[in-house]
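Peer 1: sequence and predicted structure below; questions after.
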Amino acid sequence: MNSPCRKLSALKRWWIAVLLVTLCPSSSPALIHVWQKQELTFTSTRSLPNPYRDVVVWVDLTGPHFRKRVYGFWDGGNTFRVRLVATEPGSWKWSSNSLPSDPGLGGKKGLFSAVAWTEKEKQENPLRSGFLRASENGHALEAADGTPFFVIGDTWWALVSDRFRWYDDDERPLGPGAGFKDYVRFRKTQGYNWVSMIAAFPNWMTDASP
């Protein structure tokens, strides 16, 4: 029979193991896929009158055949975000900084490892083939892995204005009451894969919600 002391010793060992797992998590870098968006979130330690204008935040990203500075954006309050992707399989690292200097934004570091998508996974989602670029002859478009991309597009110049409203409720029929997602849904059924827009529509101030 096990003595009470032996049971207590085993219980102590169990609790020590739990504490080690909790307090000393694995240092192995996160594993993601190439071209899979990674979003880093930073919280500023200071409040500025206009953080959109007065703060610049970035990360220096390094990976296989890659070394670039990726700039982030203000996302309300004291929150800033930087979005990045790995362009090749392998080990990646990043370090953050900001102007003006802010300990909540700068001095952060991270690691992650990227793996390639399988051909089956890329067939399920063409975006997994990477960013679009001009083909070698300059006459067509292709994905980063060389997959041809044939554009079937529409022109929604005023997409970012209030004319294409964003609704979170159920589907709406096409017409004056339709929203952005309804038009996207309709074009998707027709095989469209492209929408042209103007990032700052000239007369957006005349919308109902400027």
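Peer 2: Sure thing, it's come through.
Peer 1: my read: residue 42 touches residue 104, true?
Peer 2: Yes: applying Cβ atoms under 8 Å as the test, residue 42 and residue 104 come out as touching, 6.2 Å apart. Quick note: C-beta positions are derived from backbone N, CA and C, even for glycine.
Peer 1: so those two - more neighbours on which side?
Peer 2: Neighbour comparison, residue 42 and residue 104: the larger count goes to residue 42, with 20 against 17 (by other Cβ atoms under 10 Å).
Peer 1: I'd assumed the more buried one was in a strand, is it?
Peer 2: Yes: under DSSP: H, G, I helix; E, B strand; the rest coil, residue 42 sits within a strand.
Peer 1: ok, it - contacts?
Peer 2: Contact analysis of residue 42 by Cβ atoms under 8 Å, 6 or more residues apart in numbering lists 57, 72, 79-82, 96, 98, 104-105, 108.
Peer 1: go again using 6 Å as the cut-off
Peer 2: 80, 105 (Cβ atoms under 6 Å, 6 or more residues apart in numbering).
Peer 1: look at residue 46 and say how many residues are nearby.
Peer 2: Neighbour tally, residue 46, other Cβ under 10 Å: 13.
Peer 1: ramachandran angles for the residue nearest to it when sequence neighbours are not counted?
Peer 2: Nearest non-adjacent residue to residue 46, counting by Cβ to Cβ, 6 or more residues apart in numbering: residue 102, 6.0 Å away. Backbone torsions of residue 102, given as degrees, to the nearest 10, read phi -150, psi 120.
Peer 1: list the residues that contact the spatially most central residue of the chain.
Peer 2: By Cα atoms, centre = their mean, the chain has its centre lying nearest to residue 37, at 3.7 Å. Taking Cβ under 6 Å, 6+ apart, we find residue 37 in contact with 83, 85.
Peer 1: what about it, distance to residue 159?
Peer 2: Distance from residue 37 to residue 159, counting by Cβ to Cβ, to the nearest Å: 21 Å.
Peer 1: then residue 120?
Peer 2: From residue 120 to residue 159 the distance is 33 Å (Cβ to Cβ).
Peer 1: now residue 138
Peer 2: 27 Å.
Peer 1: which one's more surrounded, these two?
Peer 2: The neighbour comparison of residue 138 against residue 159 (other Cβ under 10 Å) goes to residue 159, with 18 against 6.
Peer 1: continuing past the least confident helix or strand in the chain by mean pLDDT, what's the next helix or strand?
Peer 2: None of the helices or strands of the chain scores lower by mean pLDDT, DSSP states H and E than helix 4-23, at a mean of 43. Per DSSP states H and E, the first helix or strand lying C-terminal to helix 4-23 is strand 30-33.
Peer 1: and that following strand, what does it pack against?
Peer 2: Judged by 3 or more Cβ pairs under 6 Å, 6 or more residues apart in numbering; DSSP states H and E, the packing partners of strand 30-33 are strand 109-115.
Peer 1: pull out the buried residues from the strand it packs on.
Peer 2: 112, 114 (16 or more other Cβ atoms under 10 Å).
Peer 1: mind listing residues that contact it?
Peer 2: 29-34, 86, 89, 91-95.
Peer 1: please pick the buried ones from those.
Peer 2: 32, 34, 86, 92, 94.
Peer 1: find the nearest non-adjacent residue to the last one, please.
Peer 2: Nearest non-adjacent residue to residue 94, counting by Cβ to Cβ, 6+ apart: residue 59, 4.4 Å away.
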